[in-house]
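Participant: test case, fold it:
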Amino acid sequence: MVLARYKYRVYFTAAYVVGSSAWMKYVAPKVKPGWKRFFVVLPLLLANFMLPFLFKRKQLEELARIAAAFLIMWLSSFKILAHCINRGPLCSDFTGKERKWSFLQFTAILLLPLLPTEGEEVKIGDSQQVLGKQEKLKQLCRVLLMKLFCFFSVPLEMKYIPIARYSPLKDFLYTGCIYGFLGTLMDTTSLLALSLLDIRCMDNFDNPILSTSVTDMWGRRWNTMTGTLLKSISYDIVFDGQFISDKSEIGVKKRPSLMARAMSVMAVFFFSGVMHEILFWYAAGIWGWRWFAFFMWFGPFLIIEKALKGLFRAKFGVDFNKVPFIIQNAYFWVCILLPSYLFFVPQAEMAGSTRMISQIADSITPPRSP
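Facilitator: Here you go, the predicted model:
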């Protein structure tokens, strides 16, 4: 009986996704961007917030609840909000080239962790070329296998290696498990989107373990899809000098002041912190503060790091990019593990992450003989 009710809730969710996609594709674009379009899509935003409550905090439905919160309440809602101000991936010219998405393509872009792109240039021989579809599929398969390895190997390490409750090693392994899970989820959807729907998506991760600074990780290596989406409704507004995007006027406005750019960076981390706390509330049923503090820690840190690098380059001719990689990478890990130890890992354990990691390890190992 429980399985039957769960099945019908899944069917209802699928029907809602199709209906909301039709509304965004065929109704919302007919309304002028701004407040008018916002009020047209407001019922969808409210429904997106309520949808995860269809699934309970039980073992059978817990993953569906978290997935609905992440994909629909967060990502889909932010894409809808961006569309209200003529920004984001639901706009036909998001990739820089006008494209008419089919209804199925549009639904995938709205629901899944995808941001379309026209293709990234890579160095092949002596020239810069865009990877063809087959080469891109092979690349996605390679990185997906690596992230699957991280996703399944880290729980085994945490199960069989004795680790103190709070330690740098545990923080490192948590990071590897999150990387494996998010990378597997996002690369799988990118692979399916390219192979089945011909949607070429931007890469979500770029070897974050090799980051050389906090700016390097958050700016171009970690979860670039979510970061780009967050920037489209905060950071880009400041840089464009206008709330509602008008592509013909971009570049006419003066460069924003240093204070405006700093505030826009803080806005990105503020929204990220708030959304992570809301996800935690959906998962655990209680409000926390540590994940919000984790992201608000990195906002000013990133601003100060970038300012100091520019100051040392201008005043003393010191280019930190020329510092040996091993030193830069060690600096990055010190900067990331300390706030993880203080804020991220304790709240992750409150959300039941240790239990979930143990369940993953148990599912891929044979039961011990009595």
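
Participant: give the residue spans of this structure that score low on pLDDT.
Facilitator: 1-4, 59-60, 92-99, 118-131, 154-171, 246-255, 351-370 (pLDDT under 70).

Participant: rerun at 80
Facilitator: Applying pLDDT under 80 to the chain flags residues 1-4, 57-63, 92-99, 118-140, 143, 146-181, 238-258, 316-321, 345, 348-370.

Participant: where do the strands sit along it?
Facilitator: 121-124, 127-130 (DSSP state E).

Participant: residue 185 reaches residue 113, doesn't it?
Facilitator: Yes. If you go by C-beta atoms under 8 Å, residue 185 and residue 113 touch, sitting 6.7 Å apart. C-betas here are computed from N, CA, C, even on glycine.

Participant: which of the two has more neighbours?
Facilitator: residue 113 (23 against 18; other C-beta atoms under 10 Å).

Participant: skip the chain neighbours and tell me the closest residue to the more buried one.
Facilitator: Spatial nearest neighbour of residue 113, excluding adjacent residues (C-beta to C-beta, 6 or more residues apart in numbering): residue 186 at 4.8 Å.

Participant: that neighbour: how many residues sit nearby?
Facilitator: Using other C-beta under 10 Å, residue 186 has 24 neighbouring residues.

Participant: other SSEs contacting the longest helix anywhere in the chain?
Facilitator: Using DSSP state H to define each element, the chain has its longest helix at helix 168-197. Contacts defined by 3 or more C-beta pairs under 8 Å, 6 or more residues apart in numbering; DSSP states H and E place helix 168-197 against helix 103-111, helix 133-160, helix 325-339, helix 345-350.

Participant: can you pull the buried residues of that helix?
Facilitator: 170-191, 193-194, 197 (16 or more other C-beta atoms under 10 Å).

Participant: measure how it sits relative to helix 103-111, angle-wise.
Facilitator: 160 degrees (axes from the mean of the first three to the mean of the last three C-alpha atoms, to 10 degrees).

Participant: what's the angle from helix 168-197 to helix 133-160?
Facilitator: Helix 168-197 and helix 133-160 are oriented at 150 degrees to each other (the same axes, to 10 degrees).

Participant: how much space between residue 347 and residue 286?
Facilitator: 10 Å (C-beta to C-beta, to the nearest Å).

Participant: contact partners for the closest residue to residue 112 other than its chain neighbours?
Facilitator: Take residue 112 and drop its neighbours on the chain: the residue closest to it by C-beta to C-beta, 6+ apart is residue 189, 4.7 Å away. Applying C-beta atoms under 8 Å, 6 or more residues apart in numbering to residue 189 gives the contacts 108, 112-114, 201.

Participant: ok, now residue 226?
Facilitator: So residue 226 contacts 75, 113, 272 (C-beta under 8 Å, 6+ apart).

Participant: how close does the residue positioned nearest the centre of the chain get to residue 173?
Facilitator: Centroid-nearest residue in the chain: residue 226, 3.1 Å away (criterion: C-alpha atoms, centre = their mean). Separation of residue 226 from residue 173 (C-beta to C-beta): 22 Å.

Participant: same check on residue 221?
Facilitator: Applying C-beta to C-beta, the value for residue 221 to residue 173 is 19 Å.

Participant: equivalent analysis for residue 22, please.
Facilitator: 43 Å.

Participant: ok, and the closest non-adjacent residue to residue 27?
Facilitator: residue 40 (6.8 Å).

Participant: right, and the one you found touches residue 32 too?
Facilitator: No. Using C-beta under 8 Å, residue 40 is not in contact with residue 32; the gap is 9.9 Å.

Participant: those two: which has the busier surroundings?
Facilitator: Between residue 40 and residue 32, residue 40 has the larger neighbour count (other C-beta under 10 Å), namely 18 against 11.

Participant: let me see the contact set for the more buried one.
Facilitator: 27-28, 31.

Participant: more neighbours: residue 347 and residue 286, which one.
Facilitator: Using other C-beta under 10 Å as the criterion, residue 347 and residue 286 rank with residue 347 on top: 20 against 9.

Participant: scan the contacts of residue 189 and report the most crowded one.
Facilitator: Going by other C-beta under 10 Å, residue 114 tops the contacts of residue 189 with 26 neighbours.

Participant: now that one. Nearest residue, chain neighbours left out?
Facilitator: residue 201 (4.9 Å).

Participant: who does the one you found form a beta bridge with?
Facilitator: Beta-bridge partners recorded for residue 201 (DSSP bridges): residue 116.

Participant: show me the contacts for it.
Facilitator: Per C-beta under 8 Å, 6+ apart, neighbours of residue 201: 114-117, 189-190, 193-194, 225.

Participant: closest to residue 7 among these?
Facilitator: Nearest to residue 7 among the contacts of residue 201: residue 189, at 22.8 Å, using C-beta to C-beta.

Participant: gap between that closest one and residue 287?
Facilitator: With C-beta to C-beta as the criterion, residue 189 and residue 287 are 30 Å apart.

Participant: how about residue 152?
Facilitator: For residue 152 relative to residue 287 (C-beta to C-beta), the value is 32 Å.
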